[in-house]
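> Return a 3D structure for these sequence lines:
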Amino acid sequence: MIGSLPNPAPDKGRRLRATLVGGIAVLLWSLLALFTTGAAGIPPFQLLAMTFAVAFAVSLVIIALRGGGGFAAWRQRPAVWLLGVCGLFGYHFFYFVALGNAPAVEASLIAYLWPLLIVVFSALLPGERLRWFHLSGALLGLAGAALLVTKGGQVAFRGEFALGYLAAVACALTWSSYSVLNRRFGAVPTEVVGGFCGAVALLGSLCHLFLETTVVPQGLQWLAILGLGLGPVGAAFFVWDYGTKHGNIQVLGALSYGAPLLSTLVLIAFGQAEATKVVAVACLLIVAGAVLASKDFLRKT
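Okay, here's the model as predicted:
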């Protein structure tokens, strides 16, 4: 039965390739802030529905070019669909609720606990061990991400934003749980993610219809939506699926803290953010954390 048994330990070469493939998601997520800025003004759930619709459409085209056989990958147990759809949609839903009910700095900081939680939760997987350098590296990455989010300033958590804080916690728990539990479904082909994208687009559309007013994209907003659907909200989830199923989950968790750093560097390159000492220190912390968390992995490859 698919997903009922843990994966057999992959050979070193496959594990390395899968980890590198999963790391591509971090590179793609680094473009998220830039493209989201380009789509500014589009309501969150409308943007979610449109970008995942792009990803879904691209997956349909790829399946059609392959002769339609890829649809067989979508015939999976309900548990597979429940995990995938809840993971992708739940993360975004709770993140939007958090941003709507708490200051962006505090909400983002709490939500960005998910890479650390991935490293911690990975110890529950068969064949995985949580070592001191995994946890220490993830904590260094968290410190670097915190610097980027707060820009070196102070954070004041206030009781009136409790709903937003709880939603941010749910956001972090949703994505970390999805990423770790995904390992239990290692036999499920990655093509099924295309189906997940279609379901998320539908759920996003329903939320948009009930909660938001439609805004017709203009000019560069269309390009930003297309870019999001092809990269950070499209291909990223396919490579992340493969990486979490077959790669080194602790390394991927630590590497994920590179996303806010690379995102900041991209914004600086495009003149939408300023290079500061805080960014430099955050860079050192995140890189050092990633290297430390990967110590055992790098030594064996």
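
> low-scoring stretches of the protein, by residue?
1-10, 68-69, 297-301 (pLDDT under 70).

> biggest helix in it, by residue count?
Longest helix in the chain, counting residues (DSSP state H): helix 78-101.

> Gln154 is in contact with Leu109, correct?
No: using CB atoms under 8 Å as the test, Leu109 is too far from Gln154 to be in contact (11.6 Å). C-betas here are computed from N, CA, C, even on glycine.

> So between the two, which is more surrounded?
A side-by-side neighbour count of Leu109 and Gln154, using other CB atoms under 10 Å, places Leu109 first with 20 against 6.

> Now do the helix or strand harbouring that one and helix 78-101, the angle between them.
Using DSSP states H and E, Leu109 maps to helix 104-111. Using axes from the mean of the first three to the mean of the last three CA atoms, to 10 degrees, the direction of helix 104-111 lies 150 degrees away from that of helix 78-101.

> Give me the residues contacting helix 104-111.
For helix 104-111, contacts defined as CB atoms under 8 Å, 6 or more residues apart in numbering pick out 94-95, 98-99, 101, 145-146, 149-150, 155-157, 161, 164-165, 167-169, 171-172.

> redo that, cut-off 7 Å
95, 98-99, 146, 149-150, 155, 157, 161, 164-165, 168-169, 171-172 (CB atoms under 7 Å, 6 or more residues apart in numbering).

> again, but for stretch 177-194
Contact partners of stretch 177-194, identified using CB under 7 Å, 6+ apart, comprise 2-3, 6-7, 56, 59, 70, 73-74, 76, 80, 83-84, 87, 118, 121-122, 125, 237-238, 241-242, 244-246, 249.

> Quick one: distance of the helix holding Leu109 to the chain centre.
Here the centre of mass of C-alpha atoms in helix 104-111, compared against the chain's by CA atoms, centre = their mean, to the nearest Å, lies 15 Å away.

> Could you point out the helix or strand that follows that helix?
By DSSP H and E, the next helix or strand past helix 104-111 is helix 114-121.

> What about the contacts of stretch 177-194, which are in helices?
Among the contacts of stretch 177-194, the members that lie in helices (by DSSP H) are 56, 59, 80, 83-84, 87, 118, 121, 237-238, 241-242, 244-246, 249.

> export the one helix or strand Ala290 maps to as CSV, just CAs?
With secondary structure defined by DSSP H and E, Ala290 is part of helix 277-293. Below are the C-alpha coordinates for helix 277-293, written out as CSV (Å, rounded to 0.1, in the frame of the first residue of the first chain):
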residue,chain,number,x,y,z
LYS,A,277,25.2,45.8,7.8
VAL,A,278,22.2,43.9,9.1
VAL,A,279,21.9,42.1,5.8
ALA,A,280,25.6,41.2,5.9
VAL,A,281,25.4,39.8,9.4
ALA,A,282,22.3,37.9,8.5
CYS,A,283,24.1,36.5,5.4
LEU,A,284,26.9,35.2,7.6
LEU,A,285,24.6,33.6,10.1
ILE,A,286,22.5,31.8,7.5
VAL,A,287,25.4,30.6,5.5
ALA,A,288,27.2,29.4,8.6
GLY,A,289,24.0,27.7,9.8
ALA,A,290,23.5,25.9,6.4
VAL,A,291,27.2,24.7,6.4
LEU,A,292,27.0,23.5,10.0
ALA,A,293,23.7,21.7,9.5
